[in-house]
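S.K.: Provide a 3D model corresponding to the input given below.
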Amino acid sequence: MDVNEVPQEGNRTLGPHRKALYARDEQGRMVIVPSCGSEVDETVTLQAVDRMNAQAEDARQRAQAGLTAPLEYWMYARRMDVALLSQTSGIWQWRIRRHLQPHRFARLPQRVLQRYAEALSLPLDRLRTLP
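M.R.: Next up is the predicted model:
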């Protein structure tokens, strides 16, 4: 992509921010060009946010029914998945999937709950409940 082809349509999901894209200048060198984004970027971002919101709502309903732990709701509400929660908490993915089971989540020790609370930026008592 050439420097003059970098999209500058605007993207309301970026707000006043810009993102950096690589483009080829007149001398053929790759340079960083600020971009306001494009309509395609905005559409894709909004679709992803809608999907995460739908997953969070589905997890909330399942947690209220006792089919999953509140941890799953908070994970999706914070726009995370199991892999990202694993990276931020330092807990293996297979353990997180086990902790999504309500009976296992209820027996978690305080130190493990604290790691989840810190990774999700939640107070510890909030982690155990639903909104």
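S.K.: can you count the residues close to residue 69?
M.R.: Using other Cβ atoms under 10 Å, residue 69 has 24 other residues around it. Just so you know, the C-beta spots here come from the backbone N, C-alpha and C atoms, and that holds for glycine as well.
S.K.: The closest residue to it other than its chain neighbours: helix or strand, and which one exactly?
M.R.: Nearest residue to residue 69 in three dimensions, chain neighbours excluded: residue 105, at 3.5 Å (Cβ to Cβ, 6 or more residues apart in numbering). Taking DSSP states H and E as the criterion, residue 105 maps to helix 102-106.
S.K.: Kindly export that helix (C-alpha atoms) in PDB.
M.R.: The C-alpha coordinates for helix 102-106 follow below in PDB (Å, rounded to 0.1, in the frame of the first residue of the first chain):
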ATOM      1  CA  PRO A 102     -19.800 -24.000  39.600                       C
ATOM      2  CA  HIS A 103     -19.000 -26.700  42.100                       C
ATOM      3  CA  ARG A 104     -15.200 -26.300  41.500                       C
ATOM      4  CA  PHE A 105     -15.400 -22.500  41.500                       C
ATOM      5  CA  ALA A 106     -17.200 -22.500  44.900                       C
END
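S.K.: Need the pLDDT of the residue lying closest to residue 1 once chain neighbours are set aside.
M.R.: Spatial nearest neighbour of residue 1, excluding adjacent residues (Cβ to Cβ, 6+ apart): residue 23 at 4.9 Å. As summarised for this prediction, residue 23 has a pLDDT of 91.
S.K.: Would you mark the buried spots in whichever strand or helix holds residue 23?
M.R.: Counting by DSSP H and E, the element that carries residue 23 is strand 19-24. For strand 19-24, a neighbour-count test (16 or more other Cβ atoms under 10 Å) marks 21, 23 as buried.
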